[in-house]
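Undergrad: only the shape, not the letters, is given here:
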């Protein structure tokens, strides 16, 4: 079957093109897409996977993506979503000087301000777009990591939720 990948970041697009050229896969197609401004048009999919993507969109943009997904899926098409509200919690905690001072310089400015309750509103928005949810799992996580810190070993305490949603057209 054909696999369609999409992104609009030049680094990712060029890296994928290079990789595809190296491996010679003929069933993989790369489409440059920008949600919500210019999503792919005139294509039908059997399966759409949104992996850690929707938290980069404000709620009206996510709703537009879900409507696009509904329109772009063929009969019995499936939408699979894996995401977290981690960046919401980083944004909120960065309001505290002690946390913000440890955070990688400039990282806070890259975050999209998503709403509190992201996991619940996303589930509701999937239903409102006309999907039937066949699987939903949401779990709370706690991590101590220096992945977002300016200095190695300077751990930040992060509590966040991760979710999985499978939905059918």
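TA: Done, it's in. Nothing here was measured: the structure is a model prediction, and the numbers come from that model. Numbering: from 1, shown residues only.

Undergrad: only C-alpha atoms for contact and neighbour calcs from this point on.
TA: OK.

Undergrad: OK, contacts around the spatially most central residue of the chain?
TA: With distances taken as Cα atoms, centre = their mean, the residue of the chain nearest its centroid is residue 53 (1.3 Å). Each residue near residue 53 by Cα atoms under 8 Å, 6 or more residues apart in numbering is listed here: residue 83.

Undergrad: before we move on, what about residue 42?
TA: By Cα under 8 Å, 6+ apart, residue 42 lies in contact with residue 72.

Undergrad: about what we covered before: so what does the residue nearest to the centre of the chain have for phi and psi?
TA: phi -120, psi -40 (degrees, to the nearest 10).

Undergrad: do the same with the one 5 residues further on
TA: Dihedral angles phi and psi of residue 58 (degrees, to the nearest 10) take the values phi -70, psi 160.

Undergrad: repeat for the one 4 residues further on
TA: Dihedral angles of residue 62 (phi, psi; degrees, to the nearest 10) stand at phi -60, psi -40.

Undergrad: which residues of the chain score low on pLDDT?
TA: Scanning the chain for pLDDT under 70 picks out no residues.

Undergrad: tell me which residues touch the closest residue to residue 66 other than its chain neighbours, please.
TA: Leaving out its chain neighbours, the residue that sits closest to residue 66 by Cα to Cα, 6 or more residues apart in numbering is residue 129, at 6.1 Å. Applying Cα under 8 Å, 6+ apart, one finds that residue 129 lies in contact with 63, 66-67, 70.
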